[in-house]
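Student: Could you look at this predicted model? Sequence included:
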There are 2 protein chains.
Amino acid sequence: MTIHTSREFRSATPLGTGAGTGFEALLPPSSVQPATLYAAGSEIYAQGEKAGDLYQVEFGAVRVYRLLADGRRQIAAFHLAGEVFGFETGKTHHFFAETIGATGIRVIRQHAGADASRELLPLALESLVRAQEHLLVLGRQNAAERVAAFLMDMAARQGDLEEIELPMSRGDIGDYLGLTIETVSRVFSKLKEKGIVRLPSLRKVKIVKMQTLRDMSE
Amino acid sequence: MTIHTSREFRSATPLGTGAGTGFEALLPPSSVQPATLYAAGSEIYAQGEKAGDLYQVEFGAVRVYRLLADGRRQIAAFHLAGEVFGFETGKTHHFFAETIGATGIRVIRQHAGADASRELLPLALESLVRAQEHLLVLGRQNAAERVAAFLMDMAARQGDLEEIELPMSRGDIGDYLGLTIETVSRVFSKLKEKGIVRLPSLRKVKIVKMQTLRDMSE
DNA sequence: CGTTGACTTGAAGGTATTCAAGCTTTGTGG
DNA sequence: CCACAAAGCTTGAATACCTTCAAGTCAACG
């Protein structure tokens, strides 16, 4: 189902709002396609599928994950409005990608030209640094530190606002942080109890003591 | 201390042995420098330093890591002969890079040309996929599974030989797998006890039951 | 042959998980 | 718009796995 948004195809207007990554200008305009609307939980690509194209989130959010044989899931990354994902080596995807809520996605067709590489390398490196920094969180931080780091990251990606929007469930957060849903919930409760955050609704977090949270995430 | 190896500068001979990554041919020949010999434990770059160049391991091994304020360390990647590292976003390094044993390193000066990007993108993506796959290990696997995955990875990178060489200490392995040195040691002992591996020396592992180990790492 | 650093092994303790129950929010049909 | 069902979330108690602390062994090197 391809929809046409109010924004004109090839519009010079950057995608998204203040939450954008700032990389929009780097994209090769000639390969941008109209956005497609996906329902919540739609698969964009699956592990083993043929890879090649890249994707940009117009609105909504995407989770990229891997599964173990017994069903354990690790979310490697969340992608918010403006961000590009789908980078792969070789011919097939190593991961699954799914929308979280209702989400608009643009396909960026990869062409062999040198221009594309020059523009894509910074985006790939952005993902690389993000993944390597997340390794520190998963390898060496405890539950409270992980959640704090997650909240700081989400805040930074939403323009350092005090009130942040969580598009994903507690289960998704757990599978991103390498924790169970129960542990995530307990840490949220503890942060609230200590007055570090307020939880106006399940999917909203108001950060009251930003510096405390920053110190927690080290 | 810059040394000249027996291999000629700009030689067509690929670096390393059968353990190479196969990416040597992709490197821009015009930017390859003579190799430099580093003593064990030498710093190649530090967090906060100006980034820009890339590095290729000629022989030996490198660890790329990050530290928390209290000294906890997470090794994001090991790099063996033939592999390229040093990819960064922005102007400064987010990580430390150190040689493990005595190691030869070539500097690959980055120039702005499109050619370089085209050649470097696959290398960056290789690192990205490796990092994202490691997230699954750190986030969702137990100690035995982590060590099994590590050994399978090292074996694959050394040409799927039965007897593999570990250039790094137990402490390094622990900091890579998000485990303590004691836990790593205990898992090694257990694997030996079960006849899955033999340990001819501290830095050598003979994989006896390859399939069992593969199944363990899922 | 003694010293040093790296590794191994044991015992106790702590943090996150598992299992279980109850609560809250959201969506749907009457 | 309300009632109910379903899904998602929270909280508690018991358990498991890994860490911490401690001691001892092994190997390399002078």
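Tutor: Good, I have the coordinates. Numbers count the residues shown, from 1 in each chain, chains lettered A, B, ... in the order given.
Student: is the top helix by length along chain A up against chain B anywhere?
Tutor: Determined from DSSP state H, the single longest helix within chain A is helix A:114-140. Yes - counting by CB under 8 Å from any CB of the partner chain, chain B is contacted by helix A:114-140 at A:114-115, A:117-118, A:120-122, A:124-129, A:131-136, A:138-140. Placement of C-beta: from N, CA and C, glycine included.
Student: Residue A:51 and residue A:122: what is the separation?
Tutor: Distance, residue A:51 to residue A:122, using CB to CB, to the nearest Å: 20 Å.
Student: who has more neighbours, the two?
Tutor: Shown here are residue A:51 and residue A:122; by other CB atoms under 10 Å in any protein chain shown, residue A:51 has more neighbours (18 against 14).
Student: Relative to residue A:91, how far out is the more buried one?
Tutor: 6 Å.
Student: Now do the closest residue to residue A:134 other than its chain neighbours: how many residues are near it, please.
Tutor: Nearest residue to residue A:134, sequence neighbours excluded (CB to CB, 6 or more residues apart in numbering or on different chains): residue B:135, at 6.2 Å. Residues within reach of residue B:135, counting by other CB under 10 Å, total 24.
Student: Equivalent analysis for the one 5 residues further on, please.
Tutor: The criterion is other CB under 10 Å. On that basis, residue B:140 has 21 neighbouring residues.
Student: list the contacts for the closest residue to residue A:69 other than its chain neighbours?
Tutor: Nearest non-adjacent residue to residue A:69, counting by CB to CB, 6+ apart: residue B:218, 5.1 Å away. By CB atoms under 8 Å, 6 or more residues apart in numbering or on different chains, the contact list for residue B:218 reads A:68-70, B:141, B:145.
Student: so which of these would you say is closest to residue A:97?
Tutor: residue A:68 (17.6 Å; CB to CB).
Student: Need the nearest residue in space to residue A:63, chain neighbours excluded.
Tutor: In space, residue A:63 is closest to residue A:75, 5.1 Å off (CB to CB, 6+ apart).
Student: Downstream of the worst-scoring helix or strand of chain A on mean pLDDT, the next helix or strand is which one?
Tutor: One helix or strand of chain A scores below all others by mean pLDDT, DSSP states H and E: helix A:114-140, with a mean of 91. Helices and strands here follow DSSP states H and E; after helix A:114-140, the next one along the chain is helix A:143-157.
Student: which residues are in contact with stretch A:173-190?
Tutor: Against stretch A:173-190 from outside (CB under 8 Å, 6+ apart): A:63, A:65, A:73-75, A:78, A:137-138, A:143-144, A:146-147, A:150, A:166, A:168, A:170-171, A:197, A:199, B:138-140.
Student: switch to 6 Å and redo it
Tutor: Residues from elsewhere that reach stretch A:173-190, judged by CB atoms under 6 Å, 6 or more residues apart in numbering or on different chains: A:73, A:75, A:138, A:143-144, A:146-147, A:150, A:170-171, B:139.
Student: Filter those down to just the buried residues.
Tutor: Neighbour-count burial (16 or more other CB atoms under 10 Å in any protein chain shown) applied to the contacts of stretch A:173-190 gives A:73, A:75, A:138, A:143-144, A:146-147, A:150, A:170, B:139.
Student: Turn those into a markdown table, including distance to residue A:59.
Tutor: Formatted as a markdown table, these follow (distance: CB to CB, whole Å):
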| residue | distance to residue A:59 |
| --- | --- |
| A:73 | 24 |
| A:75 | 20 |
| A:138 | 28 |
| A:143 | 31 |
| A:144 | 31 |
| A:146 | 27 |
| A:147 | 26 |
| A:150 | 21 |
| A:170 | 22 |
| B:139 | 28 |
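Student: So of the residues you listed, which two are at opposite extremes in space?
Tutor: A:73 and A:144 (22.1 Å).
Student: Any regions of chain A where pLDDT drops low?
Tutor: A:1-32, A:111-115 (pLDDT under 70).
Student: those strands in it, which residues are they?
Tutor: A:36-38, A:43-45, A:54-59, A:62-67, A:73-79, A:84-85, A:96-99, A:103-108, A:163-165, A:197-201, A:204-207 (DSSP state E).
Student: For the second one, buried residues please.
Tutor: Going back to what we said before, that points to strand A:43-45. A:44-45.
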